[in-house]
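Asker: Pasting the sequence and the predicted coordinates here, then a few questions.
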Amino acid sequence: QVQLVESGGGLVQPGGSLRLSCAASESIFSFTTMGWYRQTPGKEREFVASITSGSGTSYGDSVKGRFTISRDNANNAAFLQMNSLKPEDTAVYYCTGVQRNLRRYWGQGTQVSVSS
C-alpha cells in the first residue's frame, strides 16, 4: 500500500515561512504528478500546487508568488515552501500523488496555522 506522509506543519506568525515535506513509501518516479491541497472546516479541499515528473509546476491563484513546490526524486519526497504566510493560509495541508495508472493517493494531512 502506497503511503504519503506529511510533516513540517505548525504555528507561524503572519509574514513567516514554513516548509512542508511529503515522504513517499515508494519511488517517487511512480507518480506522474505530486501535489498539495488544503482544507478548512466546512469548505471543500482547495488546490494549492502541483509538480509533474518533468518538473512542470502549477499553483492556485491565492498562493502564486508566495509558495513553491519541488520534488526530490532521489529521496522520494516532495516539498512545499510557503513564504509570506497569511492568516487565510490556515488549513490542513494534504500531500497527494497520482500514479501512471491514474490512481490517486493522499497523505493524512498536516495542520498549518498562521496567527499572531
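Answerer: Perfect, I can see it now.
Asker: Return the residues in contact with residue 2.
Answerer: Residue 2 sits next to 24, 25, 26, 30, 97, 99, 105 when contact means C-beta atoms under 8 Å, 6 or more residues apart in numbering. (C-beta placed from N, C-alpha, C; glycine too.)
Asker: Now go through the residues you listed and say which are in strands.
Answerer: The members of the contacts of residue 2 that map onto strands under DSSP state E are 24, 97, 99, 105.
Asker: Which element, helix or strand, includes the residue nearest to the spatial centre of the chain?
Answerer: Most central in the chain under C-alpha atoms, centre = their mean is residue 36, positioned 2.9 Å from the mean C-alpha point. Assigned by DSSP states H and E, residue 36 belongs to strand 31-39.
Asker: now for that strand, which elements pack on it?
Answerer: Applying 3 or more C-beta pairs under 8 Å, 6 or more residues apart in numbering; DSSP states H and E, we find strand 31-39 packed against strand 18-24, strand 46-52, strand 67-72, strand 77-82, strand 91-99.
Asker: so how many other residues sit close to residue 51?
Answerer: Other residues near residue 51 come to 22 when the count uses other C-beta atoms under 10 Å.
Asker: and it, what does it touch?
Answerer: Per C-beta under 8 Å, 6+ apart, neighbours of residue 51: 33, 34, 35, 57, 58, 69, 70, 71, 78.
Asker: Give me the buried entries from those.
Answerer: 33, 34, 35, 69, 71, 78 (16 or more other C-beta atoms under 10 Å).
Asker: Roughly how far does residue 96 sit from residue 81?
Answerer: According to C-beta to C-beta, to the nearest Å, residue 96 stands 17 Å off from residue 81.
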